[in-house]
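1. here is the input, now give the coordinates:
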Amino acid sequence: MRTLETIHDYHPSAEEIYQALLRSLRRRKGFGIVFIQSSPAQANRLISQLQSDIPQKKFSVLQLTKPIKKLYNLIDEQPDIFFIQGLEKSLESDIRPGYGGEGDYYNLSTVPPVLSHLNQQRENFRDRFSNTCFVFILPLFAIKYFIRRAPDFFDWSSGVFEFSAGGELDRYLDSKIGISNSIQAKIQQELENARIVCSIDDENSGECAAAWDAVEELQAEASYQRQNHLPKNDFVSYGEANPDASEYRVDDSHGDETQFVAEGKQFLESENYHQAIACYDKAILSNPNCLEAWYNRSLALVKLKQYSEAIEGFDCVLQLKPDYSEAWYNRGVVLSKLKRYPEAVDSYTKAIKNEQDYAKAWYNRGVVLSNLNRYSEAIDNYNKALELKPDYPEARNNLSIALVELERYEEAIDSFDFLLELKPDYPEAWYNRGIALRNLGHYKESIDSYNRAIEFKPDFLEAWYNRGLALKNLERYEEAIASYNQAINIACHESNSHYKKACCYGLKGDVKGAVESLQQAITLNPECQQTAKTDSDFDGIRNDNRFQALVQA
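-> Numbering: from 1, shown residues only. I've put the predicted structure just below:
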């Protein structure tokens, strides 16, 4: 049998990418951010097809035709899915020759205003559009710009669906038109009926549910018809064209299945995830009920950050073995990465139900409950994890943080002290202890905690920054400025340290220092200009012409 070393890395087809995108949007509930790499010419066809395939969701499209500095105020509706096209026009003017390398030219000294705006407004997007998923369709250079210059906003995304610039996507979309006109007309008729029924009756009523069931039945029939027209992926096409090829021969004892699983495991352990998936696909082709292949394939997909497909894989595992605690646990991990926290809680709960002493599941359920601001419940889960595994520093640290969130600062400090007796070289615990002390107004003690955090982790940005805040509260402005300078050395593009440094200069009456630092902050984040207009830290220099010129510019 041919060894798998000769098989090239697997590249998903346009069909596979589209289907993954479709599943992600269809299942998503609530706020989300998705990026699609696609040419502008493909975007309209892609949106149209998605609307056809997900008729039960309300869509809106914002087509930007010129550069903008702010996006938030341009959106006045809250559909289920909101497509944004043309944002790359707001980035083109910031490309500068000589920066960045890798064939792209990114100006690393500034952040385009629209990206700075998105970094600052992401919580407002989440809170205001709690039921909307934003889908940004952008060319490759613009997505790279998001990754480099808007990491705070980009980190909230559930990934990038990358369609190549060639014609494969167009060919796939053309193939979907193969559905008969009659069934398409029936779908449209039932769709209109469902919208009418659900606008009259409550969306949770039986009549509304029945109307959508009728739509979905017709869509299922259309999907069945479509399968006869769609192009096969490379693996299936090769198998059909070469049925006697060694990698497709399967004997009655499933010997090939065992071999494919073993080879897949080797690739998985060596971090060759695409090759591992190819092996597991062959094992599943040999035996569709191969539990190990489904499970390990899902782990490989997680490593590739193909989270939606990984969840589907874990679902297949759990159909075969409903009490598989590790599958429930890892499914919860992936759902957490997608910020689908209620579903993650449910997955961890299933893992715990099948394995009561599963300390990691208790801990991770606590983390998700904390993300849902359900801190009292989170504390119960952390305590259970610690009961099962007393030397679990992450659980103790997060328990202490939850106590801080509930403003139970004294208990939090006691909890941090208990942890630091066991693990004194835990910088995050020292840092969070400092936060609790600062909230109690114990600024000197909080500085001692920040110092210990920095001792173990010299590049701890947040510790340097919060140390500066505590020193500022003690009116030790020169030391605070030095602390902010350390934070700036670690992350020069982060505006908050520049701004707080300017505040310290303002409180000292040093106009030159305040204006220089504030100018840096405004360059990185234009919203600092508005904040400075009313910030009392600048009252001592507010009437100076240099300050006035900066904030009124």
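2. please make it C-alpha for all contacts and neighbour counts, starting now.
-> OK.
3. can you pull out the low-pLDDT segments for the stretch 151-300 of the chain?
-> For the stretch 151-300 of the chain, the stretches with pLDDT under 70 are 164-167, 176-255.
4. how about the strands in this protein?
-> Using DSSP state E, the strands of the chain run over 32-37, 59-63, 81-85, 133-138, 160-162.
5. of the ones you listed, which is nearest Q356?
-> For the strands of the chain, the distance to Q356 is smallest for strand 32-37, at 32.5 Å, taking C-alpha to C-alpha.
6. average pLDDT across that closest one?
-> Mean per-residue pLDDT for strand 32-37: 91.
7. count of residues packed around the closest residue to R45 other than its chain neighbours?
-> Residue nearest to R45 in three dimensions, not counting chain neighbours: L173, with 7.8 Å by C-alpha to C-alpha, 6 or more residues apart in numbering. L173 is flanked by 18 other residues according to other C-alpha atoms under 10 Å.
8. can you redo the strands of the chain as CSV, where the extra columns are distance to H117?
-> Formatted as CSV, the strands of the chain follow (distance: least, C-alpha to C-alpha, whole Å):
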stretch, distance to H117
strand 32-37, 16
strand 59-63, 17
strand 81-85, 15
strand 133-138, 15
strand 160-162, 21
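9. looking at those, which is buried most?
-> strand 133-138 (a mean of 23; mean count of other C-alpha atoms under 10 Å).
10. got a list of what R331 touches?
-> R331 makes contacts with A310, I311, F314, A344, S347, as judged by C-alpha atoms under 8 Å, 6 or more residues apart in numbering.
11. next one, pLDDT for it please.
-> pLDDT for R331: 95.
12. again, but for P342
-> 90.
13. look up the closest residue to V160, ignoring the ones flanking it.
-> Residue nearest to V160 in three dimensions, not counting chain neighbours: F35, with 4.7 Å by C-alpha to C-alpha, 6+ apart.
14. can you tell me how far that neighbour is from N545?
-> The gap separating F35 from N545 is 45 Å, by C-alpha to C-alpha, to the nearest Å.
15. quick one: closest of the strands of the chain to E92.
-> The nearest among the strands of the chain, by C-alpha to C-alpha, is strand 133-138 at 12.2 Å.
16. who's in contact with the closest one?
-> So strand 133-138 is contacted by 25, 28-40, 43, 80-88 (C-alpha under 8 Å, 6+ apart).
17. mind running it again at 7 Å?
-> By C-alpha atoms under 7 Å, 6 or more residues apart in numbering, the residues outside strand 133-138 that reach it are 30-38, 43, 80-85, 88.
18. skipping its backbone neighbours, what lies nearest P79 in space?
-> Nearest non-adjacent residue to P79 (C-alpha to C-alpha, 6+ apart): K58, at 5.3 Å.
19. and for the one you found, the neighbour number?
-> Other residues lying near K58 total 13 when counted by other C-alpha under 10 Å.
20. pretty sure it contacts D80?
-> Yes - under the criterion of C-alpha atoms under 7 Å, K58 makes contact with D80 at 5.2 Å.
21. which stretch among the strands of the chain comes nearest L74?
-> Closest to L74 of the strands of the chain, according to C-alpha to C-alpha: strand 59-63, at 8.9 Å.
22. got the angle for that closest one vs strand 81-85?
-> Here strand 59-63 runs at an angle of 20 degrees relative to strand 81-85 (axes from the mean of the first three to the mean of the last three C-alpha atoms, to 10 degrees).
23. listing partners with orientation, what would you give for strand 59-63?
-> Paired neighbours of strand 59-63 in the sheet (DSSP bridges): strand 81-85 (parallel).
24. report the mean confidence score over stretch 393-410.
-> Averaged across stretch 393-410, pLDDT comes to 95.
25. pull out the buried positions in that stretch.
-> Buried positions in stretch 393-410, judged by neighbour count with 16 or more other C-alpha atoms under 10 Å: 393-405, 409.
26. and for stretch 149-168?
-> Neighbour counts using 16+ other C-alpha under 10 Å place 149-150, 152-154, 156-163 of stretch 149-168 among the buried residues.
27. widest-spaced pair of those?
-> D152 and F163 (24.0 Å).
28. residues in contact with P67?
-> Per C-alpha under 7 Å, 6+ apart, neighbours of P67: K89, S90.
29. just S270 next, same as before
-> S270 sits next to no residue when contact means C-alpha under 7 Å, 6+ apart.
30. next up, phi/psi of it, please.
-> Main-chain torsions, S270, degrees, to the nearest 10: phi -90, psi 10.
31. adjust the sequence numbering to begin at 506 for everything that follows.
-> Done: numbering now begins at 506, and the last item shifts to S775.
32. so it versus L527, what's the distance?
-> S775 is 31 Å from L527, by C-alpha to C-alpha.
33. about what we covered before: now render the buried residues of stretch 898-915 as JSON lines, adding distance to A985.
-> Shown next, in JSON lines, are the buried residues of stretch 898-915 (distance: C-alpha to C-alpha, whole Å):
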{"residue": "P898", "distance to A985": "31"}
{"residue": "E899", "distance to A985": "30"}
{"residue": "A900", "distance to A985": "32"}
{"residue": "R901", "distance to A985": "30"}
{"residue": "N902", "distance to A985": "27"}
{"residue": "N903", "distance to A985": "28"}
{"residue": "L904", "distance to A985": "30"}
{"residue": "S905", "distance to A985": "27"}
{"residue": "I906", "distance to A985": "25"}
{"residue": "A907", "distance to A985": "28"}
{"residue": "L908", "distance to A985": "28"}
{"residue": "V909", "distance to A985": "24"}
{"residue": "E910", "distance to A985": "26"}
{"residue": "Y914", "distance to A985": "24"}
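34. so which of those belong to helices?
-> Using DSSP state H, 898-910, 914 are the members of these that sit in helices.
35. in stretch 841-848, what's buried?
-> Buried residues in stretch 841-848, counting neighbours by 16+ other C-alpha under 10 Å, are found at S841, K842, L843, K844, R845, Y846.
36. do I have it right that the residue nearest to V665 meets D660?
-> No - applying C-alpha under 7 Å, one finds F540 not in contact with D660, separated by 11.2 Å.
37. so who does the closest residue to A883 other than its chain neighbours touch?
-> Spatial nearest neighbour of A883, excluding adjacent residues (C-alpha to C-alpha, 6+ apart): G871 at 4.1 Å. The neighbourhood of G871, defined by C-alpha under 7 Å, 6+ apart, consists of A883, I884, N886, Y887.
38. any idea how far E916 is from the first one?
-> In this case it means A883. For A883 relative to E916 (C-alpha to C-alpha), the value is 15 Å.
39. more crowded one of those two?
-> Between A883 and E916, counted using other C-alpha under 10 Å, the more crowded position is A883 (26 against 14).
40. gap between that one and Q583?
-> Distance, A883 to Q583, using C-alpha to C-alpha: 31 Å.
41. with P572 instead?
-> Applying C-alpha to C-alpha, the value for P572 to Q583 is 23 Å.
42. and the end-to-end length of stretch 557-566?
-> End-to-end span of stretch 557-566 (C-alpha to C-alpha): 14 Å.
43. could you give the mean pLDDT of that stretch?
-> Per-residue pLDDT values over stretch 557-566 give a mean of 86.
44. tell me how far that stretch lies from the chain's centre.
-> 22 Å (C-alpha atoms, centre = their mean, to the nearest Å).
45. closest one of the contacts of R836 to A864?
-> Nearest to A864 among the contacts of R836 is S852, at 14.4 Å by C-alpha to C-alpha.
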